[in-house]
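>>> Got a predicted model here, sequence first, then my questions.
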Protein chains: 2
Amino acid sequence: SSSSSSSTNDKSFNLSDKRKISYSNFKGLERIDIREFFEDKSGELKPSSKGISLTREQFMVILENGDTIKDWIKESK
Amino acid sequence: SSSSSSSTNDKSFNLSDKRKISYSNFKGLERIDIREFFEDKSGELKPSSKGISLTREQFMVILENGDTIKDWIKESK
């Protein structure tokens, strides 16, 4: 489901049970990461290799074209 | 740059030189794929393992939270 994160400092949203979009800024290096996680032996969620880390500019292209992509989804119903 | 695809049938946008977001519907299996490509020996662009294929629902969570993510980006300026 699409609930937001429980922590107020954690800049992320759940896309599904084990998928997240998260924002990070490490010493000015901004990344918007869309990634699948897996449970390790201790039950902790760890990032998998399935995903991609976008720059601010790349992420903005997605948002700017959101309506077009929504149209593609509608057309194919 | 963020130019749209040249082909009218190709439902994709370039996020960068070698990154794309693309929509596909194969026998009702819809996917929104955000992926990095690489050039093979013949110069053809091939999908790399770097990326993630989202369902319609997962993609909609991103769009629905676009304003919040934009706020995160602005805050950290």
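Nice, I can see it.

>>> Can you give me the distance of the residue nearest the centre of chain A to chain B?
Centroid-nearest residue in chain A: residue A:21, 1.7 Å away (criterion: Cα atoms, centre = their mean). Here the criterion is Cβ to the nearest Cβ, to the nearest Å. By it, residue A:21 lies 6 Å from chain B. No exception for glycine: its C-beta is placed from N, CA and C like everyone else's.

>>> Please verify my assumption that that residue contacts residue A:10.
No. The criterion here is Cβ atoms under 8 Å, and residue A:21 misses it with residue A:10 at 11.7 Å.

>>> Just give me the neighbour total for residue A:75.
10 (other Cβ atoms under 10 Å in any protein chain shown).

>>> Next, the angle from the helix or strand hosting residue A:68 to helix B:66-75.
Under the criterion of DSSP states H and E, residue A:68 resides in helix A:66-75. If you take axes from the mean of the first three to the mean of the last three Cα atoms, to 10 degrees, helix A:66-75 sits at 160 degrees to helix B:66-75.

>>> What residues of helix A:66-75 count as buried?
Using 16 or more other Cβ atoms under 10 Å in any protein chain shown as the burial criterion, the residues of helix A:66-75 that qualify are A:66, A:69, A:72, A:73.

>>> For the second one, give its distance to residue A:63.
Okay, so that is residue A:69. Residue A:69 is 10 Å from residue A:63, where distance means Cβ to Cβ, to the nearest Å.

>>> do the last one as well
Separation of residue A:73 from residue A:63 (Cβ to Cβ): 16 Å.

>>> tell me the contacts of the nearest residue to residue A:12 once chain neighbours are set aside?
Residue nearest to residue A:12 in three dimensions, not counting chain neighbours: residue A:22, with 3.6 Å by Cβ to Cβ, 6 or more residues apart in numbering or on different chains. By Cβ atoms under 8 Å, 6 or more residues apart in numbering or on different chains, residue A:22 lies in contact with A:10, A:11, A:12, A:13, A:32, A:33, A:35.
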